[in-house]
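Enquirer: Coordinates for the following, if possible.
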Amino acid sequence: MPFFFPGYFQYILFLAPALLLAFIAQMWVSSAYARASQIPASMSGFAAARRILDSAGLTNVQIEAIPGHLSDHYDSRAKVLRLSADNYHGTSVAAVGVAAHEAGHAIQDAVGYLPLIVRNIAVPAAQFGSGAGMWIFVIGMMIHWSQLALLGIVIFSAVVIFQVVNLPVEFNASSRAKTLLVSEGIVNQYEMGPVRNVLAAAALTYVAATLQSILQLLWFISQFNRSRDR
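Expert: Take a look at the predicted model:
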């Protein structure tokens, strides 16, 4: 929401619970990852991901090292699992935990996990809606064109749909990771505590993002309804 828009500060206060939760989640991720990075694992993140993918028959999925901190992701279009350099080369339980989570996404893709399919379909609309939807709504409200404001709300709704669908995708990938790390002998049961902590912290960031998008949509709807009642 542009800072010059009337009601901007009320808007920030409305989003405060989600913003606070996001801050807590980021602090938790940082501390949990830092602690888990100090605990050695029997192999690197690359080796862990490769073992998991190969055991699932996904020898065609490539693994690449990329720059950035915790920039890890699975590209379902290219069938490539990309790990940040720290996790690609790292031999800590943090590195293998993150690598296993991303390998979980590759397995979801291979088995046709429905929420992942829906999420991938929603990505273009969500990317467009996150910026365009807000601006269309703001412009519509500023020039008192209710149809344009309503269009902005509809477009921004794609962001909410994406975030809601993304939650089970991320939770399921983490669940697969925790099971596979043990079943493949990468991490033993006694070492799983720090891994669970990292994955739980990461999951909270997705919950915070979902809450923020929902609150944003509710704010837009409330402002739209208020303008119509005037």
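
Enquirer: which residues does residue 140 contact?
Expert: 146-152 (CB atoms under 8 Å, 6 or more residues apart in numbering). All C-beta atoms are positioned from the backbone trio N, CA, C, and that covers glycine.

Enquirer: try 6 Å this time
Expert: Counting by CB atoms under 6 Å, 6 or more residues apart in numbering, residue 140 makes contact with 148-149, 152.

Enquirer: was I right about residue 194 contacting residue 93?
Expert: Yes - judged on CB atoms under 6 Å, residue 194 makes contact with residue 93 at a distance of 5.3 Å.

Enquirer: Which neighbours do those two have in common?
Expert: Shared contacts of residue 194 and residue 93, counting by CB under 6 Å, 6+ apart, come down to 36, 39.

Enquirer: neighbour-wise, which of those two wins?
Expert: Taking neighbours as other CB atoms under 10 Å, residue 194 and residue 93 compare with residue 93 leading, 27 against 20.

Enquirer: Look up the pLDDT of the more buried one for me, please.
Expert: pLDDT for residue 93: 96.

Enquirer: same deal with residue 3?
Expert: 47.

Enquirer: Pull out the buried positions in stretch 130-143.
Expert: 130, 133-134, 136-138, 140-141 (16 or more other CB atoms under 10 Å).

Enquirer: can I have it written out in PDB, keeping just the CAs?
Expert: Only the C-alpha atoms of stretch 130-143 are listed here, as PDB (Å, rounded to 0.1, in the frame of the first residue of the first chain):
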ATOM      1  CA  SER A 130       0.900  -9.000  -5.700                       C
ATOM      2  CA  GLY A 131       1.800  -5.700  -7.400                       C
ATOM      3  CA  ALA A 132      -0.800  -5.000  -9.900                       C
ATOM      4  CA  GLY A 133      -3.800  -5.800  -7.700                       C
ATOM      5  CA  MET A 134      -2.700  -3.400  -5.000                       C
ATOM      6  CA  TRP A 135      -2.000  -0.500  -7.400                       C
ATOM      7  CA  ILE A 136      -5.300  -1.100  -9.400                       C
ATOM      8  CA  PHE A 137      -7.200  -1.000  -6.100                       C
ATOM      9  CA  VAL A 138      -5.400   2.100  -4.900                       C
ATOM     10  CA  ILE A 139      -6.000   4.000  -8.100                       C
ATOM     11  CA  GLY A 140      -9.600   2.900  -8.200                       C
ATOM     12  CA  MET A 141     -10.200   4.200  -4.700                       C
ATOM     13  CA  MET A 142      -8.400   7.500  -5.400                       C
ATOM     14  CA  ILE A 143     -10.400   8.300  -8.500                       C
END
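
Enquirer: please renumber so the chain begins at 642
Expert: Got it, first residue is 642 now, which makes that one stretch 771-784.
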